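Colleague: generate coordinates for the sequence data below:
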Amino acid sequence: MILYTLPGCEKCKKVKEYLTEKEIPFSEINILTNKEVIKTIQQNMEEVYAPILYYKNQYYDGCEVFRWRFLNEIND
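Modeller: Model (predicted):
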């Protein structure tokens, strides 16, 4: 699981806290530091913003992260 974040992003912080609390392993990438990451995200999502989670070959935006369906999936 990869969490794409931006510095100072409150939603990013909340997602990181949730994943850490649930002991869900993830790697964090600051999207400002890598233009290739931005290109990849743009190819898969309409907009580039944070947080974005990449999990099981799918991108989830910050709103989707906390939807019941997604949380159930990562907790299984």
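
Colleague: make it CA atoms for all contacts and neighbour counts henceforth
Modeller: Fine.

Colleague: which stretches of the protein form strands?
Modeller: 2-5, 27-30, 52-55, 58-61 (DSSP state E).

Colleague: which one of those strands is the most hemmed in?
Modeller: Highest mean neighbour count of the strands of the chain: strand 2-5, a mean of 22 (counted as mean count of other Cα atoms under 10 Å).

Colleague: helices and strands around it, which ones?
Modeller: If you count contacts as 3 or more Cα pairs under 8 Å, 6 or more residues apart in numbering; DSSP states H and E, strand 2-5 packs onto strand 27-30, strand 52-55.

Colleague: low pLDDT regions in the protein?
Modeller: 66-76 (pLDDT under 70).

Colleague: for the residue positioned nearest the centre of it, which residues are in contact?
Modeller: Closest residue to the average C-alpha location of the chain: residue 53 at 2.2 Å, with Cα atoms, centre = their mean. By Cα atoms under 8 Å, 6 or more residues apart in numbering, the contact list for residue 53 reads 1-4, 59-62, 65.

Colleague: and it, how far from residue 7?
Modeller: Using Cα to Cα, to the nearest Å, residue 53 is found at 16 Å from residue 7.

Colleague: how about residue 59?
Modeller: 20 Å.

Colleague: what does residue 48 give?
Modeller: To residue 7, residue 48 is 14 Å away according to Cα to Cα.

Colleague: same question, residue 45
Modeller: From residue 45 over to residue 7 (counting by Cα to Cα), the distance is 20 Å.

Colleague: neighbour count winner among the two?
Modeller: residue 45 (14 against 11; other Cα atoms under 10 Å).
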